[in-house]
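Engineer: Let me see the structure of the following:
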Amino acid sequence: MKKFSAVIIASSLVFSMGTGVMAKGPAKEPAANSDPIVQEDGRNTNGIGTAQITFAPISGYHGTSQVVSGEVVIDGARDDLANLYITVGGQSVDKMWAIPGKSKTYGFIATVALTSHDLTSVEVIAETKFHNGQKAGKVHSNNSSIVEVEVLPVVTKYAVNNQNFVWDEETGTYSLTFTVEKTLSNGEIEEEDVTLDGLNPGEIVNYTSDELQDENYFGVTVNILTIEVPAAPVVDAPSVVFEWTGDYVFVGDSQPYHAWVKIKGSNGTTVWVKHAAFNPYNPNYNQLTKSKIFDEYGNLNITITWDKSKVLTVEQFNKIK
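Structural biologist: This next block holds a predicted model:
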């Protein structure tokens, strides 16, 4: 009697959110079911290699589960003496059934939970056991194989640091820069710098995980940052410094003559302002030198002395004022 067995394992991703899995993993594709590895136990019956197991590596994101399916061709299973037992990673398969039209061929599916980065491999065991539980290895084929497992990290926490708004006077908008810190399930920390331009004053900004540069992600979208754009900055007018030009006149057709002085600002403006009244021909009020402080022009203190040559009529003064 020819004794042989074969296991063909194919895998496909099942994306289920595990505890602590928030949204995204790094930009890395899970391994595909290509170039399967063949492992034999070296047994040979009538020139035919037996107990042969074929599998592909398992790869998926932390917190997800990987569905593994395959077929087993083995002698002695489910007959009057022995039954077939298949375990993947120490756990019995989820389901096993006889495939119609294929002699001694059985299909199965199993689930591998990728809950730890310490998981680097699982053992696939196909064996027959007598009904009393004893291994039927001396009569029927049995074998085990090691399947490599790669658990890819995912983001478990986001943090935002170094937020900074910069005002653009030309466009009347802000730019916002910040750094997103991503804590991965394997303990590593990645950082990504973000710049947002054209933000209007008072606008509410919401930044989500979908906008990051990670290429592969699953699960819900996580809101990383909600922030209000500041109001437009108040630009103070430049300070104006005032000085007396040295020009002054006395205005009137008779005493008292009102003195006027010319003041110039650093912004290029000039203005005539009234100084003091002079009564040069009144013996009781003939003070000929007077000073005045102009608070509204930076406490400018101007002193002038009576000068008959600087007398103008009201009409003359209005022409130069």
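
Engineer: contacts, neighbours, all on C-alpha from now
Structural biologist: OK.

Engineer: low-confidence ranges in the stretch 51-200 of the chain?
Structural biologist: The stretch 51-200 of the chain contains residues with pLDDT under 70 at 51-56, 73-82, 103-104, 130, 133-143.

Engineer: can you pull out the strands in it?
Structural biologist: Along the stretch 51-200 of the chain, counting by DSSP state E, counting those that start in this stretch, strands occupy 52-55, 58-61, 65-74, 82-88, 91-92, 95-98, 105-113, 121-130, 143-152, 155-168, 173-184, 189-199.

Engineer: most tightly surrounded among those strands?
Structural biologist: Burial of the strands of the stretch 51-200 of the chain is given as mean neighbour count (mean count of other Cα atoms under 10 Å); strand 58-61 ranks first at a mean of 26.

Engineer: thinking again about what came up before, now the strands of the stretch 51-200 of the chain as a markdown table including distance to residue 265?
Structural biologist: Formatted as a markdown table, the strands of the stretch 51-200 of the chain follow (distance: least, Cα to Cα, whole Å):
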| stretch | distance to residue 265 |
| --- | --- |
| strand 52-55 | 89 |
| strand 58-61 | 71 |
| strand 65-74 | 78 |
| strand 82-88 | 90 |
| strand 91-92 | 90 |
| strand 95-98 | 93 |
| strand 105-113 | 80 |
| strand 121-130 | 83 |
| strand 143-152 | 70 |
| strand 155-168 | 30 |
| strand 173-184 | 33 |
| strand 189-199 | 38 |
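
Engineer: Out of those, which is closest to residue 315?
Structural biologist: The closest of the strands of the stretch 51-200 of the chain to residue 315 is strand 155-168. By Cα to Cα, the value is 51.2 Å.

Engineer: Run the chain-centre distance for the closest one.
Structural biologist: Its chain's C-alpha centre and that of strand 155-168 lie 7 Å apart, by Cα atoms, centre = their mean, to the nearest Å.

Engineer: neighbouring strands for it, and are they parallel or not?
Structural biologist: strand 173-184 (antiparallel) (DSSP bridges).

Engineer: which residues touch the strand it pairs with?
Structural biologist: Strand 173-184 has contacts (Cα atoms under 8 Å, 6 or more residues apart in numbering) with 25, 153-168, 189-201, 229, 232.

Engineer: Repeat the analysis, applying 6 Å as the threshold.
Structural biologist: 153-168, 189-200 (Cα atoms under 6 Å, 6 or more residues apart in numbering).

Engineer: do stretch 294-314 as well
Structural biologist: 242, 249-253, 288-293.

Engineer: Could you check how sure the model is about it, as an average pLDDT?
Structural biologist: Regarding stretch 294-314, the rounded mean pLDDT is 93.

Engineer: any idea how far the spatially most central residue of the chain is from residue 127?
Structural biologist: By Cα atoms, centre = their mean, the mean C-alpha position of the chain lies nearest to residue 180, the distance being 4.4 Å. Computed as Cα to Cα, to the nearest Å, the residue 180 to residue 127 distance reads 51 Å.

Engineer: Look up the closest residue to the residue nearest to the centre of the chain, ignoring the ones flanking it.
Structural biologist: Using Cα to Cα, 6 or more residues apart in numbering and skipping the chain neighbours, the partner closest in space to residue 180 is residue 160 (4.7 Å).

Engineer: before we move on, the earlier item: farthest pair within the contacts of stretch 294-314?
Structural biologist: 242 and 253, at 30.2 Å, using Cα to Cα across these.

Engineer: Most neighbours of all the contacts of stretch 294-314, which one?
Structural biologist: Ranked by neighbour count (other Cα atoms under 10 Å), the contacts of stretch 294-314 have residue 250 at the top, with 27 neighbours.

Engineer: can you tell me how far residue 239 sits from residue 266?
Structural biologist: 9 Å.

Engineer: If you count surrounding residues, which of the two has more?
Structural biologist: More neighbours surround residue 266 than the other of residue 239 and residue 266, with 12 against 9 (other Cα under 10 Å).

Engineer: what's the angle from whichever strand or helix holds residue 205 to strand 189-199?
Structural biologist: Assessed by DSSP states H and E, residue 205 sits inside strand 204-208. Here the directions of strand 204-208 and strand 189-199 differ by 150 degrees (axes from the mean of the first three to the mean of the last three Cα atoms, to 10 degrees).
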